[in-house]
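Asks: Requesting a structural model of the entry that follows:
(2 chains)
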2 protein chains.
Amino acid sequence: MADKFISIRNVKFLLFEVFDVLSLSEHPYFSQHNQKIYNLVLNAALKLSTRLLHPIFEEMDRNPPELIAGQVKVHPAVAGIMKEFGQGGWIAATFPAESNGEQLPSMVANACFAMFFAANYSAGVYPGLTAGAARLIDSFGNEGLKKTFLSKMLSGQWQGTMALTEPQAGSSLTDIATTALPTVDGYYKLRGRKTFISAGDHDGAENIVHLMLARIDGAPAGPRGISLFVVPKMRLNEDGIPVSNDITVSQIFHKMGYRGTPIAELSIGDKDDCRGYLLGEPHRGLAYMFQMMNEERIGVGLGAASIASAAYYAALHYCKQRPQGRRLTDKDPASPQIAIIEHADVKRMLLFQRAVVEGSFSLLMQCSQYEDMTRVVLPEEKSRYRLLLELLTPVAKTYASEMGILSTSQSIQCFGGYGYCQDFPVEQHFRDMRIHPIHEGTTGIQGMDLLGRKVVMENGKAFAFFLEEVQCAMHSARKFPALLSMVNQLYKAIKQLQDVTYQLVDIAHKKGPEIFLADATLYLEFFGIVTVAWQWLLQSVSVQKARAGELSTAEADFYQGKLFTARYYFAYELPRISGLVQRLTDGDPITVEMKSCYFSD
Amino acid sequence: MADKFISIRNVKFLLFEVFDVLSLSEHPYFSQHNQKIYNLVLNAALKLSTRLLHPIFEEMDRNPPELIAGQVKVHPAVAGIMKEFGQGGWIAATFPAESNGEQLPSMVANACFAMFFAANYSAGVYPGLTAGAARLIDSFGNEGLKKTFLSKMLSGQWQGTMALTEPQAGSSLTDIATTALPTVDGYYKLRGRKTFISAGDHDGAENIVHLMLARIDGAPAGPRGISLFVVPKMRLNEDGIPVSNDITVSQIFHKMGYRGTPIAELSIGDKDDCRGYLLGEPHRGLAYMFQMMNEERIGVGLGAASIASAAYYAALHYCKQRPQGRRLTDKDPASPQIAIIEHADVKRMLLFQRAVVEGSFSLLMQCSQYEDMTRVVLPEEKSRYRLLLELLTPVAKTYASEMGILSTSQSIQCFGGYGYCQDFPVEQHFRDMRIHPIHEGTTGIQGMDLLGRKVVMENGKAFAFFLEEVQCAMHSARKFPALLSMVNQLYKAIKQLQDVTYQLVDIAHKKGPEIFLADATLYLEFFGIVTVAWQWLLQSVSVQKARAGELSTAEADFYQGKLFTARYYFAYELPRISGLVQRLTDGDPITVEMKSCYFSD
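Replies: Down below sits the predicted model:
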């Protein structure tokens, strides 16, 4: 219990009760799987997390990577982790069988990665990134590239990365300046600098394979001139012997948290001898990369929810053990102290954490379900699920990341002073969490993506599908009298979301993009709170169904906890939208009119 | 500019324009001071901060205290800091001249401590704590105690501490178990354990003087059996030679931040040879200690606001320097990138930080003004200011601390990935900040103090005075048409605060303390947002007055910035109360009814 970092009961509740992963087996693509297999997979993931990842959670933080003589040295366990993840099929978990994958649903694979991340986020990143990079090659690479890179990556021998960011460009991918010069031999010569590359170099893999954005010589300026390349750290020479591919690590960053994974700055082609292999068509790199980017954004949300989960269970354990104070009605100082979990304010803090953790996981499972649906539905239905997934990706990434900061902060608060000390894991969870609103696109970028792109794309089609989904959930919930007040609250919230959205789109037409998008971050926050309310309603429907049957005490307690957490969410969290709606509709363009010189003193 | 950690312009705005510190000079107690003196004092404090404290801000974090052979070793600069602070009169800044103090107003002294804390919070804590402990001796000690301890503490030779917390008791002071056995020689023999004692031992002072709570043998159980003792680490033997007083450091804590100050666990009287000297009357220790506790709570708020200030100016500097992206209306990728401060979302993040920093400072100055007023008004008016200060202490402590977490988090966000790295100071500010909602009474404790004690004490007198103060500010503001919409918003907010308060008090009568206080933390949050709105209105009045005269460009920009920040606060921050009011009035006792067994899985 002390080392519990995730609730398997909750994982199975989401998979089997809320999102009915077994119904996927009716479709040929997933028909080889059944409940028994899923349970075996989940148990294996938990064992791996407990045996391999969790024991070095603190060690990897206290002994961060070092750059020694040009080589990044990481915790010695990383090599073994990569190998076990490769051999166990975890990197290829969702790859199709024809690519030597396990062809598992995303829902199941992400449930497993939630365990890995909750046990030790930094450790889970190595195989997670490798899977995303390998999928890019699998999706867009020619046979030669697949043959050279794919099996080595899926087996965990080679590390994959995504190499987008450059020092002078940051979030502005338009300004990518790394160049690629075509050669007569088919490969390109790359030159430039990349920064903040996660797992950008380390000695736990035999090779590092960068999926790198660069401009082909003479390409148009801006986003339509960016191509995607496979650029390995070591390339094979004509005799099949690995030789250096002229990529050097110029520095690694010393970070506040997430210290088990090295973040590197790379210098590419200093000796004019860095070879890269074009992936797909020239100039379409940004579009390809967004396949991996979107997958990684869900991964970031999953990492955030998982870290919050680990911190929550540490806090819960402490609150059950720690005696302090008495009931407010008990004025006798000689009476024994009670466990702090008996105090209403502590229960409030725990309910908050549980609401964030289980609300985030539910939304991430929802996204994974959409992903799985694109694999099984008829071609004409595919776009519905793709659009829903695209719409909800910035929401799921950001809700889990931003609320995760507050959730891990409350985990610390449950411990009091002890939570601030390294004797307990929550201070590390708080530090590890803080990267999530930054990497794979900051919260500001996600807000612009949601409001400026996703909500309005294809004439608002994705947003319309989303409203249908919520209405469908409300329809199911109306059958249960106990859920009616939640349905009414969500109904009003959705109405407000529609009103605000249409009002903002109107502003876009009348006043242009700057005023339209000035509060996109707040809009995203608003959207996230409503979306997670929908997820809590969905969960509540499953709880009501389960409670119709016979239940053991433990099961009854689990469902009671779910009901209280949903009730908490609707009473404490959903009302927060009122303030956001006020702001989003008041029309005062403060941040546009504010001048930088007014910040002078 | 890169190393700016506080705005002196803002400090002077608050002191001279908003809170009119010079008017205090009309009263005999402060009549020896004038603007010239205050400016000299402020300049000296800034120089001290810049020269002595800020250069070792990072060093003290990277090289935290160590416990070596029973002695806590701190950064070698600490000894010099204590000495300079003693010699410069900073520890005795607000002490009366008859106690060899500078007899400065709290407003001015706290303005100076804001600089110290912003430059290097950990470093400022050593003299700050010493001042609070010395004041307890000055207020309640007999001549013998004053003679022995006071001058050594005010000169910075001896460190003062507050020793309340015990491992088994934490926030529950009722359960303090350290014992004090009277002896025929007048002193007491102390025995017990104290934990989380800031500066509880270190080699930067010749001696450590603990202001320690303990129970005299045979004292009644509970809070009315607690006495306060002066317990030095070294006591003078009959020949005046310092000898050990049987206090050992059993451990020091390794913390996430605030690493420049050691936090110690002490074992007292293991050899039955620890002598303590009773301060004041027996069994009244808790009441005495709360003088220091309240002072330290304001100090914690000040520390939080100051850390947020330093992080804000670091972020502001970066946002002005860093080019990235283009205006949303500029689609030409060949046009030069703009500084990120030009993006509306970045300005929003900066306005948020400024609103929190300057709003917190304003509220802390307000509290300091009340403190100063108790020294100059007629005896019959004293209780008004004492009550106002008591009411607002938990609010000022908590608003600055809780919002400080969000503010420093936004400072990191302004930097993007760089903010997460040790190359910039903001990650340390974020870590340093996290202690503040915990030490000197957690946020939960502050909420119970505000709603359960302060709001209802003396039949709601403090709350009534507070409403008067806000009404008075609204009255002044109504003279300026530009402020009318703020006045209206605050009027409504205050009305809501009254309604919620009366409704909660009604619940206290009808349903008892558990349901009454279940959401005291939310009530405190609500109270804080409204209180800081009042402070922004007060500041806006001063801005309007100043703008009636001739202004240089720099001055005009400063006041414009103030106006935009106030406008930001009323548009983005104040509306957040809607959600809190909804929750505080919905009456569903979720957290009381939630059972701990429902948290089982």
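Asks: which helices and strands does the helix or strand hosting A:Gln410 pack with?
Replies: Under the criterion of DSSP states H and E, A:Gln410 resides in helix A:379-415. Here helix A:379-415 touches helix A:285-321, helix A:344-376, helix A:426-433, helix A:443-448, helix A:457-477, helix A:520-547, going by 3 or more Cβ pairs under 8 Å, 6 or more residues apart in numbering or on different chains; DSSP states H and E. Where C-beta positions appear, they are placed from N, C-alpha and C, glycine not excepted.
Asks: now, of those helices, which is deepest in the fold?
Replies: Among these, helix A:426-433 has the highest mean neighbour count (mean count of other Cβ atoms under 10 Å in any protein chain shown), at a mean of 27.
Asks: between that helix and helix A:285-321, how many degrees?
Replies: Helix A:426-433 and helix A:285-321 are oriented at 170 degrees to each other (axes from the mean of the first three to the mean of the last three Cα atoms, to 10 degrees).
Asks: hmm, who's touching helix A:426-433?
Replies: Under the contact criterion Cβ atoms under 8 Å, 6 or more residues apart in numbering or on different chains, helix A:426-433 has outside partners A:57-58, A:61, A:121-122, A:256-258, A:304, A:307-308, A:310-311, A:314-315, A:401, A:404-405, A:408-409, A:411-412, A:415, A:419-422, B:255-256, B:431, B:434.
Asks: and if we set it to 7 Å?
Replies: For helix A:426-433, the surrounding residues in contact (Cβ atoms under 7 Å, 6 or more residues apart in numbering or on different chains) are A:58, A:61, A:121, A:256-258, A:304, A:307-308, A:310-311, A:314-315, A:404-405, A:408-409, A:411-412, A:415, A:419-421, B:256, B:434.
Asks: Mind checking which of those are buried?
Replies: A:61, A:121, A:256-258, A:304, A:307-308, A:310-311, A:314-315, A:404-405, A:408-409, A:411-412, A:415, A:419-421, B:256, B:434 (16 or more other Cβ atoms under 10 Å in any protein chain shown).
Asks: Near chain B, which residues of the stretch 101-250 of chain A are found?
Replies: Counting by Cβ under 7 Å from any Cβ of the partner chain, the residues of the stretch 101-250 of chain A close to chain B are A:170-172, A:174-175, A:196, A:221-222.
Asks: From those, which land in helices?
Replies: Applying DSSP state H to those, no entry is found in helices.
Asks: how about those residues, which pair is most distant?
Replies: A:Phe196 and A:Ala221 (23.3 Å; Cβ to Cβ).
Asks: Now the helix holding A:Gln410: buried residues?
Replies: A:383-385, A:387-415.
Asks: returning to what we had before: mean pLDDT and distance to B:Leu46 for the helices and strands packed on helix A:379-415 - can I get that in JSON lines?
Replies: Formatted as JSON lines, those follow (pLDDT from 0 to 100; distance: least, Cβ to Cβ, whole Å):
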{"stretch": "helix A:285-321", "mean pLDDT": "96", "distance to B:Leu46": "39"}
{"stretch": "helix A:344-376", "mean pLDDT": "98", "distance to B:Leu46": "39"}
{"stretch": "helix A:426-433", "mean pLDDT": "98", "distance to B:Leu46": "32"}
{"stretch": "helix A:443-448", "mean pLDDT": "98", "distance to B:Leu46": "34"}
{"stretch": "helix A:457-477", "mean pLDDT": "98", "distance to B:Leu46": "53"}
{"stretch": "helix A:520-547", "mean pLDDT": "98", "distance to B:Leu46": "35"}
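Asks: what residue ranges in the stretch 51-200 of chain A score low on pLDDT?
Replies: Scanning the stretch 51-200 of chain A for pLDDT under 70 picks out no residues.
Asks: which residues are there in the stretch 251-400 of chain A that come within reach of chain B?
Replies: A:253-256, A:316, A:320, A:324-325, A:327-329, A:333-334, A:337, A:341-342, A:344-345, A:347-348, A:350-351.
Asks: Kindly recompute the last result at 8 Å.
Replies: Residues of the stretch 251-400 of chain A found near chain B (Cβ under 8 Å from any Cβ of the partner chain) are A:253-258, A:263, A:316, A:320, A:323-329, A:333-334, A:337, A:339, A:341-348, A:350-351, A:354.
Asks: Need the pLDDT of A:Gly240.
Replies: Per-residue pLDDT puts A:Gly240 at 85.
Asks: contacting residues around A:Ala44?
Replies: A:Gly88.
Asks: Quick check: phi and psi on it?
Replies: Backbone torsions of A:Ala44, given as degrees, to the nearest 10, read phi -60, psi -40.
Asks: Next one: it from chain B, what distance?
Replies: Going from A:Ala44 to chain B by Cβ to the nearest Cβ, to the nearest Å gives 21 Å.
Asks: Run a quick neighbour tally on the nearest residue to A:Ser244 once chain neighbours are set aside.
Replies: Ranked by Cβ to Cβ, 6 or more residues apart in numbering or on different chains and with sequence neighbours excluded, the top spatial neighbour of A:Ser244 is A:Met234, at 6.3 Å. Counted with other Cβ atoms under 10 Å in any protein chain shown, the neighbours of A:Met234 add up to 16.
Asks: next one: A:Gln168
Replies: 14.
Asks: Quick check on it: phi, psi?
Replies: Main-chain dihedrals, A:Gln168, degrees, to the nearest 10: phi -90, psi -10.
Asks: Double-check it against A:Asp175; I have them as touching.
Replies: Yes - assessed by Cβ atoms under 8 Å, A:Gln168 is found in contact with A:Asp175 at 6.5 Å.
Asks: Let me see the contact set for A:Val249.
Replies: Counting by Cβ under 8 Å, 6+ apart, A:Val249 has contacts A:67, A:70-72, A:200-201, A:264-267.
Asks: whoops, I mixed them up, A:Gly417
Replies: By Cβ under 8 Å, 6+ apart, the contact list for A:Gly417 reads B:165, B:170, B:195-196, B:253, B:263, B:438-439.
Asks: so can I have a markdown table of the helices and strands packed on helix A:379-415 showing distance to A:Tyr572?
Replies: Putting the helices and strands packed on helix A:379-415 into a markdown table (distance: least, Cβ to Cβ, whole Å) gives the following:
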| stretch | distance to A:Tyr572 |
| --- | --- |
| helix A:285-321 | 16 |
| helix A:344-376 | 7 |
| helix A:426-433 | 21 |
| helix A:443-448 | 22 |
| helix A:457-477 | 20 |
| helix A:520-547 | 11 |
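Asks: so which of these comes closest to B:Glu468?
Replies: In terms of Cβ to Cβ, the element of the helices and strands packed on helix A:379-415 nearest to B:Glu468 is helix A:344-376, at 30.3 Å.
Asks: The closest one vs helix A:285-321, what angle?
Replies: Going by the same axes, to 10 degrees, helix A:344-376 makes 150 degrees with helix A:285-321.
Asks: Do I have it right that the residue nearest to A:Ser244 meets A:Pro242?
Replies: Yes - with contact defined as Cβ under 8 Å, A:Met234 reaches A:Pro242; the gap is 4.1 Å.
Asks: which parts of the helix or strand in which A:Ile37 is found are buried?
Replies: When elements are assigned from DSSP H and E, A:Ile37 belongs to helix A:35-48. By neighbour count on 16+ other Cβ under 10 Å, the buried set for helix A:35-48 is A:38, A:41-42, A:45-46, A:48.
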